[in-house]
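[1] build me a model:
(chains A, B, C and D)
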There are 2 protein chains.
Amino acid sequence: MRPRIPRPTITRLCILFRLLEDLLIEGKTRISSTELGTALGVRPHSVRKDINYLGEVGDIGSGYDTARLRDRVRRKLGLDRRRNACVVGLGRLGSAILAYERFANSGYTIVAGFDSNINKLETIRTDIELFEAYEISDVVRRKNVEIGVIAVPAPAAQEAADRLIEGGVRGIVNFSPALIRHNVETVNITNMDIVREFTILSAHMTLDRE
Amino acid sequence: MRPRIPRPTITRLCILFRLLEDLLIEGKTRISSTELGTALGVRPHSVRKDINYLGEVGDIGSGYDTARLRDRVRRKLGLDRRRNACVVGLGRLGSAILAYERFANSGYTIVAGFDSNINKLETIRTDIELFEAYEISDVVRRKNVEIGVIAVPAPAAQEAADRLIEGGVRGIVNFSPALIRHNVETVNITNMDIVREFTILSAHMTLDRE
DNA sequence: GTGTGTGAAATTCTTCACAGCG
DNA sequence: CGCTGTGAAGAATTTCACACAC
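    Numbering: from 1, shown residues only, chains lettered A, B, ... in the order given. Below is the predicted model:
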């Protein structure tokens, strides 16, 4: 058996996956690692190395069959599996996510929204079922939610995460700046804090000058 | 002179920076690498190693002076410098960012919003100056904008980036799924695509089982 | 004993080099 | 000759171990 796939490679393969879907829509049936590298902004070597973790899939001398490669990525990374998600916190950001049209054909279905403020639950226009925050763990378990999005203010983030994990989610996207603590090995957390990203960009502006 | 700071360390120091500010608000004047590691979810070794790139700053035997460490991070990463930002695309997400209260005391000021749809410019209630999309590069240059946020649909993202770069931004936060191409060495791009993150989490759910 | 600073070891990841196929 | 697959070299990063100060 082949070694396990490195984390950075997993990330790049997910990006590659989306690129391949776009290329197929454009009608591109064959593609080389050089072309993929140009589109992805990386060297052809890296593209081949990454793809190679999927096993042999290219045709030596003539590049990759776009559809076959796409299928191979999808299969290996388990992207053919549909997953349910939910959103905790229905302020501006949370409701923007509920309404985000790109989830439509993505394989991910947002099946619930939560907020502690009852007024918000009544105000928001959406087809997605909305619940009070105390119901998080029950609803997550009952609806088989695997991914939770945290869109609450920082002080409420840990509590939201605890309830999501209690309900059994296996992935969390945390939009708050709070550092989430957890001791469950099976849960992955991704942080998406725009102010943090501003800070990192700012630091690079300062340091890259050297 | 000490070696240049590795990228992952820069990222972690930015996270540390915010943690230190929170700790100071809580009144914690001294802290050890062990405590920091617990809060950050990393080993104490790593915390010390990261901090060490700033030069000596701790007191051997008794940890770090919180304020001094904060100042040192801020100084070294240039976070004391205020920077202007702008948002391109004023849909749900874009206007949520314009209204995001956390920018208030962050050191970042959003000084402009752009959209190609004139109706949106008239509908949105905000104190931030709004412009039509064709004005991007002019306004960016005139207002000295260093960071641009892309919150437009994928097909419009490359054009938005080109105009931002033309205006002279040095950092871009791209919320669209589009892969931005650019050949300017001095511009950093951060991608924040929620569907991509769902995909990566999903892949880990599949692969971590092994 | 507790806790930092730092060179060295270990690990992970990236880049390269080239065999081999079309 | 262009292109993939892959083992090996190289680089970057993380982890460790221990000297030294309080």
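[2] what's the separation between A:A133 and A:I97?
    Here the criterion is C-beta to C-beta, to the nearest Å. By it, A:A133 lies 16 Å from A:I97. Where C-beta positions appear, they are placed from N, C-alpha and C, glycine not excepted.
[3] of these two, who's got more company?
    Set side by side, A:A133 and A:I97 show more neighbours around A:I97, with 23 against 19, by other C-beta atoms under 10 Å in any protein chain shown.
[4] now do the contacts for the more buried one.
    Neighbouring residues of A:I97 by C-beta atoms under 8 Å, 6 or more residues apart in numbering or on different chains: A:V87, A:I110, A:V149, A:A151, B:I194.
[5] how about the helices of chain A, start to end?
    Using DSSP state H, the helices of chain A run over A:7-25, A:33-40, A:44-52, A:66-77, A:92-98, A:118-123, A:136-142, A:154-167, A:194-207.
[6] same list (those helices) but as JSON lines, adding mean pLDDT.
    Below are these laid out as JSON lines (pLDDT from 0 to 100):
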{"stretch": "helix A:7-25", "mean pLDDT": "97"}
{"stretch": "helix A:33-40", "mean pLDDT": "95"}
{"stretch": "helix A:44-52", "mean pLDDT": "95"}
{"stretch": "helix A:66-77", "mean pLDDT": "96"}
{"stretch": "helix A:92-98", "mean pLDDT": "97"}
{"stretch": "helix A:118-123", "mean pLDDT": "93"}
{"stretch": "helix A:136-142", "mean pLDDT": "98"}
{"stretch": "helix A:154-167", "mean pLDDT": "98"}
{"stretch": "helix A:194-207", "mean pLDDT": "97"}
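[7] reformat those as JSON lines; add distance to B:R48.
    Putting the helices of chain A into JSON lines (distance: least, C-beta to C-beta, whole Å) gives the following:
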{"stretch": "helix A:7-25", "distance to B:R48": "24"}
{"stretch": "helix A:33-40", "distance to B:R48": "36"}
{"stretch": "helix A:44-52", "distance to B:R48": "32"}
{"stretch": "helix A:66-77", "distance to B:R48": "36"}
{"stretch": "helix A:92-98", "distance to B:R48": "35"}
{"stretch": "helix A:118-123", "distance to B:R48": "44"}
{"stretch": "helix A:136-142", "distance to B:R48": "37"}
{"stretch": "helix A:154-167", "distance to B:R48": "26"}
{"stretch": "helix A:194-207", "distance to B:R48": "19"}
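[8] out of the ones you listed, which is closest to B:D162?
    Between B:D162 and those, the shortest gap by C-beta to C-beta is with helix A:33-40, which sits at 16.6 Å.
[9] tell me which residues are up against the closest one.
    Outside helix A:33-40, the residues that touch it by C-beta under 8 Å, 6+ apart are A:12, A:15-16, A:19, A:43-48, A:51, A:58, A:63-64, B:179.
[10] buried subset of these?
    The neighbour-count test (16 or more other C-beta atoms under 10 Å in any protein chain shown) applied to these identifies A:R12, A:I15, A:L16, A:L19, A:S46, A:V47, A:R48, A:I51, A:G58, A:G63, A:Y64, B:L179 as buried.
[11] which ones, among these, also lie beside DNA strand C?
    Intersecting those with the contacts of DNA strand C gives A:S46, A:R48 (criterion: C-beta under 7 Å from any atom of the strand).
[12] circling back to that earlier point, looking at the helices of chain A, which is closest to B:K28?
    Comparing the helices of chain A by their distance to B:K28 (C-beta to C-beta), the top pick is helix A:154-167, with 17.0 Å.
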